[in-house]
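Student: Structure for this input, please:
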Amino acid sequence: MVKSTTLLAALAPLALVAAEAPIPAHPFGIPYNDGSPDAPIQIDFFLDLLCPDSAHAFPNVVKLADKYPIDVRVLFHHFPLPYHRNAYILHQAATTILNATNDDASFAKWADTVLKNRKLFSHNATVEGVSANIKKLAATAFPDLKGSVIDAGLANRQRNLEVRWDFKYGGTRGVYGTPAIFINGIFVDFNDNVTYDRLYDKVQPLFLAPQPAPPRVEYNYSLWSPLTSHFLPAKQEFRYPNTDEYGWNALDSSMSAHDFVMTHSIKYKRGLYCVLPPPMLSTVDDAERQKTLDEFTDRFSRFLDYIRAKARKDDAAPLGVPNNVMDVSLLMGEKTPRRVLQGDIKIPLSAPDAPLQYVRPPMSVKLQQWLNIHYDVEFLPVQVYHIEVQWLVCRSALVDDFILGLQRRAKQFNLDIIPMPENCGASTMDVHPLICPVFFPLRSAADFAVVEHKLTAELQFCLEGIHRIPYESMTYQYNGPKETKAISPAHRSASGKTRPPQRTYRQFIHRSMSCFVRLTDAGVIWISSRRMHSTAMQTLFCQLQHVIQTISVTDEMKKLDFFQTTTSTTASVFMADQQKQIGTMLEEHDCLSPTAA
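Tutor: Now for the predicted structure:
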């Protein structure tokens, strides 16, 4: 008995080490509905997609998060139980879909779909039947997701490990069955019966009264605008205190090349580049348009092959499915712009005095010099294609050589790849202390359509992308409503705080990279880049102002019933006079005074 006790005591540390979860690059858990990490109620939900009790708990947990999105944040965790034969592969399919869509909301959608169809994955189901049913359900829930993506993900070791790590994490927290629910880090035993009422009773005392926002300091000043020849009001905002913690774990993982996805929690170097779409597609006939697209597709595909050839071979290549691949869908038939997904690929770099070192020949490589490519996984001919070169542990000379080679190869394929200024990705209006955006109000959808057509067809702009407007910037920066008369229950919390519906804007970039134009639901915003002011930019600004001024005059005439109360001759004389004045304005660069955003 003593010997047995001694043996168990000796083996205990080994068991603890074996069950230890690896330190992740970011905290475990898949957030539901963009829940805030600052919400006063944090719920960790460990579930098994084949567990009947998890199926009963899932809609109740989701209902609570939907009803109180400001106060409640739900994090889903993988915990497939061993005695549910097909549960693990369903969770691996979930990680596959999550990585393919790059959208946390896809997990909840997949979980809801599977939990309602658990009978398809009984113990009697064959391996082929399980795989076929997974692809069938995925095609129903995510029509744009290819079956080949599911097959690759189910054979991918990285997707498999993501489920294992989350499972081990649950083990470190004492989870032994599902559903397991932690509220603010404390396990709450519902005896496998998680009803909405019981869940609400647990969290109701935790609802907080509205807390004061972190103190902010605003610095207001006037900035001279060479475009308008006026001083425009500008503002910079400083927030105190800054409580963000530096992502040391993510930094360590990136430096050791274990995880090459750069995150906002670490500081790294980057260069932004974009491939411009073919110009003037909207002004040619269908045959000419198709010919242009076919030629562009061929050149762009060869450019992607050049980048793919430089990507490292994946450590899991012997399994037959390398995950370090650059899979880009060329959607050349798409005519409607939209937000696209993005992926990452690692590029090894070497020099004569710093070659790649093979530590477990011939497959495993110790990467001393490497960079990461963050790219769009979809290409649409109506908007630009983004490539972001990121590096952390790499010589600048090697990065310069790689970027120079990238630009040369693009030039050989007759592609326009140009650097983008850093402020192009800033969704706020405070892009730079010395850049003052200029705002022109517009309201009608028809007016926005006219402006967009002028930008793309005549003024050499192309769509850079569709971006979300930060909630905190909707009111004072994007001219949103200061008060909402009717707030839906989905945007009201128990503590009285409200969150407005999500809004987006379209950002257009000029092919000379001199400026940006944003179209919001409130108007048009001009944003200059950091480049020096030039005559060409002044002319371009006045041309845009001319368009907006013409629209404004037309709208005013319609309001006054101008066309019905005057003769056509009078109207023609009036419009000719307006055109003459605008022409004089363009020649003299004497633009009208707009409003600062």
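Student: Could you list the domains of the protein?
Tutor: Residue ranges for the domains of the chain, per automatic domain parsing: 17-206, 248-420, 434-483+493-596.
Student: where does the stretch 251-400 of the chain have low pLDDT?
Tutor: Counting by pLDDT under 70, the stretch 251-400 of the chain shows low-confidence ranges at 251-266, 281-284, 312-326, 353-368.
Student: Okay, helices next: where are they in it?
Tutor: The residue ranges that make up the helices of the stretch 251-400 of the chain, judged by DSSP state H, counting those that start in this stretch, are 286-310, 396-412.
Student: Quick check: which of these is nearest to Asn184?
Tutor: helix 396-412 (43.9 Å; CB to CB). The way it works is simple: take the backbone N, C-alpha and C, and place the C-beta from them, glycine included.
Student: The closest one vs helix 286-310, what angle?
Tutor: If you take axes from the mean of the first three to the mean of the last three CA atoms, to 10 degrees, helix 396-412 sits at 150 degrees to helix 286-310.
Student: on that earlier part again, deepest-packed of the domains of the chain, please.
Tutor: Of all these, domain 17-206 carries the top mean neighbour count, a mean of 18, counting by mean count of other CB atoms under 10 Å.
Student: next one: that domain to chain centre, how far?
Tutor: Its chain's C-alpha centre lies 21 Å from the corresponding centre of domain 17-206 when counted by CA atoms, centre = their mean, to the nearest Å.
Student: Next: stretch 398-412.
Tutor: Between the centre of stretch 398-412 and the centre of its host chain there is 26 Å, according to CA atoms, centre = their mean.
Student: Out of the helices of the stretch 251-400 of the chain, which is closest to Arg164?
Tutor: Counting by CB to CB, Arg164 lies closest to helix 286-310 out of the helices of the stretch 251-400 of the chain; the figure is 28.8 Å.
Student: The closest one - contacts with which helices or strands?
Tutor: Helices and strands touching helix 286-310, by 3 or more CB pairs under 8 Å, 6 or more residues apart in numbering; DSSP states H and E, are strand 329-330, strand 342-348, helix 396-412.
Student: Out of these, which is closest to Val451?
Tutor: By CB to CB (comparing all of the helices and strands packed on helix 286-310), the closest turns out to be strand 342-348, at 27.8 Å.
Student: by how many degrees do the closest one and helix 396-412 diverge?
Tutor: With the same axes, to 10 degrees as the basis, strand 342-348 and helix 396-412 are set at 120 degrees to each other.
Student: Same list, the helices of the stretch 251-400 of the chain, but as TSV with distance to Gly333 please.
Tutor: Rendered in TSV, the data for those read as follows (distance: least, CB to CB, whole Å):
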stretch	distance to Gly333
helix 286-310	8
helix 396-412	24
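Student: what about these, which gets the closest to Ile469?
Tutor: Here helix 286-310 is closest among the helices of the stretch 251-400 of the chain (CB to CB), at 30.5 Å.
Student: ok, residues contacting the closest one?
Tutor: With CB atoms under 8 Å, 6 or more residues apart in numbering as the contact definition, helix 286-310 has outside contacts at 275, 277-278, 281, 284, 325-326, 328, 330, 332, 345, 347-348, 373, 379, 381, 385, 402, 406, 409-410, 413-415.
Student: Kindly recompute the last result at 6 Å.
Tutor: In this structure, residues lying in contact with helix 286-310 by CB atoms under 6 Å, 6 or more residues apart in numbering are 278, 281, 326, 328, 330, 332, 347, 381, 409-410, 413-415.
Student: follow-up on the earlier one: quick one: which of the helices of the stretch 251-400 of the chain is nearest Ala55?
Tutor: The minimum distance between Ala55 and the helices of the stretch 251-400 of the chain falls on helix 286-310, with 41.7 Å, by CB to CB.
Student: how far out from the middle of the chain is that closest one?
Tutor: Worked out by CA atoms, centre = their mean, helix 286-310 lies 25 Å from the chain centre.
Student: Any idea which of the domains of the chain gets closest to His230?
Tutor: Using CB to CB as the criterion, the shortest distance between His230 and those is 5.3 Å, found for domain 434-483+493-596.
Student: give the contact list for Phe79.
Tutor: For Phe79, the set of contacting residues under the criterion of CB under 6 Å, 6+ apart consists of Phe46, Asp48, Phe167, Gly170, Val175, Thr178.
Student: Per-residue pLDDT of it, please?
Tutor: We have a pLDDT of 97 for Phe79.
Student: now the contacts of Phe79 as CSV including pLDDT, distance to Asp197 and secondary structure?
Tutor: Rendered in CSV, the data for the contacts of Phe79 read as follows (pLDDT from 0 to 100; distance: CB to CB, whole Å; DSSP: H, G, I helix; E, B strand; the rest coil):
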residue, pLDDT, distance to Asp197, secondary structure
Phe46, 97, 21, strand
Asp48, 97, 23, coil
Phe167, 95, 30, helix
Gly170, 94, 26, helix
Val175, 95, 24, coil
Thr178, 95, 20, coil
